[in-house]
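for reference, the sequence and a predicted model appear below.
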Amino acid sequence: MGKWNLDILYTGFDTEEFKADLERLEALIPELSNIADDHGNMPSGDFLTKYIKTNEELSELVEKLAIYANLRYSANTRDTDAASMLGRIMQMMSATAAPAAVIEKAISEIENLEEVIDSTPALGEYKYLLLNVKRDSRYLLSDKEETILAKMDLSGASAWGDLQSSLTSGVKVKYEGEDITLSAVRNLAYSPDADVRRKAFDAEIACYDSIKEAVAFALNSIKLQVLTECELRGYESPLDKSLYQSRMKRETLDALLGAMEEYLPAFRKYMKAKAKALGHVGSLPFYDLFAPMGKSDKVYSVDDAKNYLLGIFAKFDTELHDMVKCAFENEWIDFFPREGKVGGAFDCGVPSAKQSRVLTNFDGSFSDVVTLAHELGHSFHDRQVFCHSILNQGYSMPVAETASTFNEVLVMETAIADAKDKDEKLALIESQLMDACQIIVDIYSRYLFEASVFQNRPMEFMSADRMCELMTDAQRQAYGDGLDENALHPYMWLCKGHYYSGGLSFYNYPYAFGGLFARGLYAKYKAEGPAFVDTYKAMLRATSISDVEECAKIAGVDLTDKEFWRQGLQSIADRIDEFCELVG
């Protein structure tokens with residue numbers, strides 16, 4: 001009970017359907033190589049049509065096979081058959097890297113590409129995809145150089161990232177005379193007991209001493225590799241590369257960050273009010289950032305959660321309501337924690353069935369209900385892009401959290417409005433503001449820190465102490481007098497895995513983008529009413545076939561205008577005023 005059903009994919013690895021699809025995948029890979037070898041002997045339109053058709057079938061097969069193996073493994077990490085099959089599929093797909101590089105280079109060399117696309121009906125829906133292949137080519141190196149970089153990365157940035165992950169997951173934290181994990185001690189930051197929060201924070205800070213220099217070495221090495229690759233490929237900077245990967249303009253980021261900076265005083269007001277309510281004089285110490293306030297004891301069953309969400313979503317959109325009802329009633333969701341199941345929560349679109357599967361670790365708290373709403377928002381986004389071919393269903397990181405956060409806002413606004421007493425209302429508002437503080441203030445500090453690391457790396461190798469100095473400087477700039485100067489967190493650079501990727505830098509501002517974009521859209525919904533819903537869905541459909549700014553224009557939004565971002569921030573500032581009244 002409470003588990004998802006994967007029969008829409010396969011009923012086992014030993015079934016004839018699974019074996020046939022795996023065999024077909026194996027046969028398709030050489031077909032891609034044949035296209036790479038013969039592209040020069042075909043008219044451009046025929047070459048592109050053949051490539052798209054083959055790549056589409058290949059993508060459909062690998063998505064279906066890999067999703068099934070991955071979902072089985074996520075539900076039971078002891079499923080060795082699933083782990084082995086996933087590895088086998090990935091190994092098979094590694095053989096497509098070389099022919100894909102040849103094909104993409106050939107596409108980039110078609111001088112009249114847009115004309116070829118426009119004159120070939122079968123290519124019309126793939127125009128954005130193909131033009132991006134050509135656009136991306138200016139940052140590609142030769143086939144030989146690309147191969148060398150990919151192989152060197154295995155013992156470079158990728159290995160350094162694995163080192164950080166290994167050290168932080170394996171470090172022992174001495175807490176109350178026992179050795180516990182880093183994740184366990186960090187979770188104690190949410191304890192209602194002030195003494196537990198303080199002792200856990202001190203234990204966490206102390207544990208970093210044994211691994212800090214090794215992790216600092218890893219971060220220095222990764223960032224130097226990123227800078228070197230950016231120079232080789234022709235990107236102006238790692239930030240320039242990040243924005244390009246996000247299909248987003250620098251003007252949009254400047255407007256977003258500029259608006260965030262304007263509202264930092266409001267968040268500092270919230271932190272100081274929370275500090276006073278918790279008995280501190282002046283500013284809030286880092287170890288009390290996540291201290292719960294108010295009280296909400298209601299426990300939700302799965303049926304309670306279902307009925308609660310359906311009641312909210314029915315008022316917004318019939319399609320969203322019906323999809324969520326289907327998810328609950330047709331075994332889309334794996335609800336409960338159990339031994340061997342991965343932690344956290346996620347949504348996985350299943351393109352072949354035009355459905356989704358959602359994993360949560362539901363224990364009945366209101367935050368678990370909000371998590372369900374969030375993940376089902378991703379499912380709703382999946383549903384909107386399923387109308388495109390599988391090659392046109394991927395969207396960039398900044399817009400990935402739009403529908404999920406929008407769902408969260410719908411639920412939280414309803415819950416706060418319906419709160420039965422002051423304690424419940426305070427608990428809900430505090431939870432909302434705590435999350436907002438993280439995606440605005442803390443994300444801004446992380447952005448500032450990463451920018452300073454990239455700025456300093458060409459001139460110096462930064463020791464662990466130097467990293468701590470840069471981190472606390474960034475926290476002072478972002479949190480200001482809202483955070484206690486004597487109780488900062490100097491090791492936030494060490495425990496956050498987002499910094500340790502050679503291929504994905506500045507994995508921070510997209511969180512702020514997603515949170516505020518959804519809030520801005522919610523403000524438009526409140527202003528325009530039901531008429532906005534169809535616009536919202538059209539915009540979601542466009543996220544996979546247009547740049548971020550073009551997509552937002554569908555909803556009448558200019559992302560380069562600070563005023564849009566101020567709408568979302570002002571809604572948070574209004575909540576801060578309400579919070580201050582409740583604790584005043």
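Yep, that arrived. Numbering: from 1, shown residues only.

next secondary structure after the longest helix seen in the chain?
When the chain is scanned for its longest helix (criterion: DSSP state H), the result is helix 44-75. Beyond helix 44-75 in the direction of the C-terminus, DSSP states H and E gives the next helix or strand as helix 80-93.

can you name every helix or strand that that following helix contacts?
Applying 3 or more C-beta pairs under 8 Å, 6 or more residues apart in numbering; DSSP states H and E, we find helix 80-93 packed against helix 16-38, helix 44-75. Every residue, glycine included, has its C-beta placed from N, CA and C.

who's in contact with the helix or strand bottoming out on mean pLDDT in the chain?
Least confident helix or strand of the chain, by mean pLDDT, DSSP states H and E, is helix 143-154 with a mean of 84. Under the contact criterion C-beta atoms under 8 Å, 6 or more residues apart in numbering, helix 143-154 has outside partners 97-98, 101-102, 105, 140-141, 225, 229, 232, 502.

which parts of the stretch 101-250 of the chain are helices?
113-118, 127-136, 143-154, 157-170, 182-187, 194-207, 212-233, 238-245, 250-277 (DSSP state H, counting those that start in this stretch).

tell me the buried residues in the third one?
Read that as helix 143-154. 146, 149, 153 (16 or more other C-beta atoms under 10 Å).

and what of the fifth one?
With burial defined by 16+ other C-beta under 10 Å, the residues of helix 182-187 counted as buried are 182, 185.

again, but for the second one
Using 16+ other C-beta under 10 Å as the burial criterion, the residues of helix 127-136 that qualify are 128-130, 133-134.

and those residues, which is closest to Met412?
Tyr128 (34.2 Å; C-beta to C-beta).

tell me the contacts of that closest one?
Counted by C-beta under 8 Å, 6+ apart, Tyr128 has contacts 392, 545-546.

again with Ile35
So Ile35 contacts 47, 50-51, 54, 99, 103 (C-beta under 8 Å, 6+ apart).

again with Pro265
Contacts of Pro265 (C-beta under 8 Å, 6+ apart): Gly480.

can I get the contacts of Tyr128 in JSON lines with secondary structure and neighbour count?
Converted to JSON lines, the contacts of Tyr128 look like this (DSSP: H, G, I helix; E, B strand; the rest coil; neighbours: other C-beta atoms under 10 Å):
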{"residue": "Asn392", "secondary structure": "helix", "neighbour count": "17"}
{"residue": "Ile545", "secondary structure": "coil", "neighbour count": "19"}
{"residue": "Ser546", "secondary structure": "coil", "neighbour count": "19"}
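
turn the helices of the stretch 101-250 of the chain into CSV, columns for distance to Val411.
CSV is the format used below for the helices of the stretch 101-250 of the chain (distance: least, C-beta to C-beta, whole Å):
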stretch, distance to Val411
helix 113-118, 42
helix 127-136, 33
helix 143-154, 41
helix 157-170, 32
helix 182-187, 23
helix 194-207, 27
helix 212-233, 37
helix 238-245, 31
helix 250-277, 21
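
tell me which of those helices sits nearest to Asp21.
helix 127-136 (24.0 Å).

let me see the mean pLDDT of the closest one.
Average pLDDT, helix 127-136: 94.

ok now that helix, how far from the chain's centre?
Offset of helix 127-136 from its chain centre (C-alpha atoms, centre = their mean, to the nearest Å): 24 Å.

angle of it against helix 238-245?
150 degrees (axes from the mean of the first three to the mean of the last three C-alpha atoms, to 10 degrees).

and helix 127-136 with helix 44-75, angle?
90 degrees.

number of nearby residues for the closest residue to Thr414 other than its chain neighbours?
Once flanking residues are discounted, Thr414 sits nearest to Ile312: 5.1 Å by C-beta to C-beta, 6 or more residues apart in numbering. Ile312 is flanked by 20 other residues according to other C-beta atoms under 10 Å.

what are the buried residues along the one helix or strand Ile312 maps to?
Secondary structure assignment for Ile312, by DSSP H and E: helix 302-314. Judged by neighbour count (16+ other C-beta under 10 Å), helix 302-314 contains these buried residues: 302, 305-306, 308-310, 312-313.

now the element after that helix, going C-ward?
Per DSSP H and E, the helix or strand that comes after helix 302-314 is helix 318-329.

point out the other helices and strands that that next one packs with.
By 3+ C-beta pairs under 8 Å, 6+ apart, helix 318-329 packs against helix 302-314, helix 366-385.

ranking the helices of the stretch 101-250 of the chain by mean pLDDT, which is last?
Looking across the helices of the stretch 101-250 of the chain, the weakest by mean pLDDT turns out to be helix 143-154, at a mean of 84.

return the distance of it from the chain's centre.
27 Å.

then stretch 510-526?
That offset, for stretch 510-526, works out to 15 Å (C-alpha atoms, centre = their mean).

buried set for that stretch?
510-525.

export that stretch as CSV, just CAs?
Taking C-alpha atoms only, stretch 510-526 is exported to CSV below (Å, rounded to 0.1, in the frame of the first residue of the first chain):
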residue,chain,number,x,y,z
PRO,A,510,18.2,29.6,-10.3
TYR,A,511,16.6,29.0,-6.9
ALA,A,512,15.9,32.7,-6.3
PHE,A,513,14.7,32.9,-9.9
GLY,A,514,12.3,30.0,-9.5
GLY,A,515,10.9,31.2,-6.2
LEU,A,516,10.3,34.8,-7.3
PHE,A,517,9.1,33.9,-10.8
ALA,A,518,6.4,31.8,-9.3
ARG,A,519,5.4,34.5,-6.8
GLY,A,520,5.3,37.1,-9.6
LEU,A,521,3.1,34.8,-11.6
TYR,A,522,0.9,34.3,-8.6
ALA,A,523,0.5,38.1,-8.2
LYS,A,524,-0.6,38.2,-11.9
TYR,A,525,-3.1,35.4,-11.2
LYS,A,526,-4.6,37.3,-8.2
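
pLDDT on it, on average?
According to the model, stretch 510-526 has a mean pLDDT of 93.

can you check stretch 461-477 too?
Rounded mean pLDDT across stretch 461-477 is 98.

what residues of it count as buried?
Buried-residue list, stretch 461-477, by 16+ other C-beta under 10 Å: 462, 464, 467-468, 470-475.

and which of the residues you listed is nearest to Glu115?
Of those, the one sitting nearest to Glu115 (C-beta to C-beta) turns out to be Ala474, at 48.7 Å.
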